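Participant: Sequence first, predicted model second:
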Amino acid sequence: MRFLKLSILAAVLFFGMACAQETPKPQPEETAIYTSTNIPNFPDGGINGFRQLVASKIKYNRIDPFQHLPAEQARELRHLILERRPVPKTILKSSLEFIVEIDGTLSGISAKGENSSFNKEIERVVKSIKTRWIFEEGEKKKTPMRMPIKMTIED
């Protein structure tokens, strides 16, 4: 009798676990992101032209170059600026990620780095660019792009 109870309990637990497993659903065609050998190209100078356009549209007064630093260190640097004394150069880094859609527009724009004001400004600039990317001959697919951005602020 005891063996029968244990067998039934084991069977219930086993079948309960087997039925509880979820199978992943495939993504619909329109939301799937592909990597492609047919890399889109920016019409005004390629990827370097895109970088130059982003750099030319950045409004530097919107960026706090010391935001990512500890509060005391940032306060000292701001004090040096007010006294018109030399300030060490500051390097801001961010990783820009976006998706080039089939029609050449951009979506999923995000910038990640230590300085949030720099990230927000990069996102604002890229969202303001209306020039569409161009695919070469062949199949057009959503293409994820990643671009490191580095800015040096000197005296």
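Facilitator: Right, received. Where do you want to start?
Participant: From here on, just use CA atoms for contacts and neighbour counts.
Facilitator: Noted.
Participant: V87: what's it in contact with?
Facilitator: V87 is in contact with 77, 80-81, 154-155, counting by Cα atoms under 8 Å, 6 or more residues apart in numbering.
Participant: for L106, same thing?
Facilitator: Taking Cα under 8 Å, 6+ apart, we find L106 in contact with 98-100, 127, 132.
Participant: ok so, going back, from the contacts of V87, pick the one nearest S94.
Facilitator: Within the contacts of V87, distances to S94 taken as Cα to Cα reach their minimum at E154, with 17.7 Å.
Participant: The closest one contacts K89, doesn't it?
Facilitator: Yes: taking contacts as Cα atoms under 8 Å, E154 lies within contact range of K89: 4.5 Å.
Participant: I'd like the contacts of V87 laid out as a markdown table, including distance to I109, pLDDT and secondary structure.
Facilitator: Listed next are those as a markdown table, based on distance: Cα to Cα, whole Å; pLDDT from 0 to 100; DSSP: H, G, I helix; E, B strand; the rest coil:
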| residue | distance to I109 | pLDDT | secondary structure |
| --- | --- | --- | --- |
| L77 | 32 | 81 | helix |
| L80 | 35 | 82 | helix |
| I81 | 33 | 77 | helix |
| E154 | 28 | 76 | coil |
| D155 | 31 | 61 | coil |
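Participant: who wins for most neighbours among these?
Facilitator: Among the contacts of V87, L77 has the most neighbours (other Cα atoms under 10 Å), with 17 neighbours.
Participant: excluding its backbone neighbours, what's nearest that one?
Facilitator: Nearest residue to L77, sequence neighbours excluded (Cα to Cα, 6 or more residues apart in numbering): V87, at 6.6 Å.
Participant: so where do the helices sit in the protein?
Facilitator: In the chain, the helices defined using DSSP state H lie at 2-20, 46-57, 71-82, 116-128.
Participant: Quick one: mean pLDDT for the longest one?
Facilitator: What it means is helix 2-20. Per-residue pLDDT over helix 2-20 has a mean of 59.
Participant: Same question for the second one.
Facilitator: Per-residue pLDDT values across helix 46-57 average out to 90.
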